[in-house]
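> just coords:
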């Protein structure tokens, strides 16, 4: 995607120096990637305590231990 963006020159210079990258588009792509990595877990954490679950965790663990396609574990 091609777009025009105004970025503070000092901020971009600092980002280029800090990352060792040589192109502004690389810095912008890295910044967006890092932003997503930071924000995605925050969005997931927003669900904490808000989702209901019915199940028996002990039963699930036991059935998984005997699953035919999973390697066996030594106790």
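Perfect, thanks for sending it. None of these values were measured; they are calculated from a predicted model.

> looking at this protein, which helix or strand is least sure?
Ranked by mean pLDDT, DSSP states H and E, the weakest helix or strand in the chain is helix 57-65, scoring a mean of 79.

> stretch 13-21: which residues count as buried?
residue 15 (16 or more other C-beta atoms under 10 Å). To be clear about C-beta, it is placed using only N, CA and C from the backbone, and glycine gets the same treatment.

> list of residues touching it?
Residues from elsewhere that reach stretch 13-21 (C-beta atoms under 8 Å, 6 or more residues apart in numbering): 22, 24, 26, 27, 30, 31.

> quick one: which of the residues you listed is most hemmed in?
Greatest neighbour count in the contacts of stretch 13-21, by other C-beta atoms under 10 Å, goes to residue 27: 20 neighbours.

> against which helices or strands is the helix or strand encompassing residue 34 packed?
If you go by DSSP states H and E, residue 34 is part of helix 24-45. Applying 3 or more C-beta pairs under 8 Å, 6 or more residues apart in numbering; DSSP states H and E, one finds that helix 24-45 contacts helix 9-19.

> who's in contact with residue 5?
residue 28.

> show the pLDDT at it.
pLDDT recorded at residue 5 is 91.

> equivalent analysis for residue 49, please.
Value listed for residue 49 in the pLDDT field: 85.

> now it: how far from residue 33?
Per C-beta to C-beta, to the nearest Å, residue 49 is found 29 Å from residue 33.

> who's more crowded, the two?
Ranked by neighbour count (other C-beta under 10 Å), residue 49 and residue 33 place residue 33 first, with 10 against 7.

> mind putting the contacts of stretch 13-21 into a markdown table with pLDDT?
Output for the contacts of stretch 13-21, formatted as a markdown table (pLDDT from 0 to 100):
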| residue | pLDDT |
| --- | --- |
| 22 | 96 |
| 24 | 96 |
| 26 | 96 |
| 27 | 97 |
| 30 | 97 |
| 31 | 96 |
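
> kind regards, and thank you for your time.
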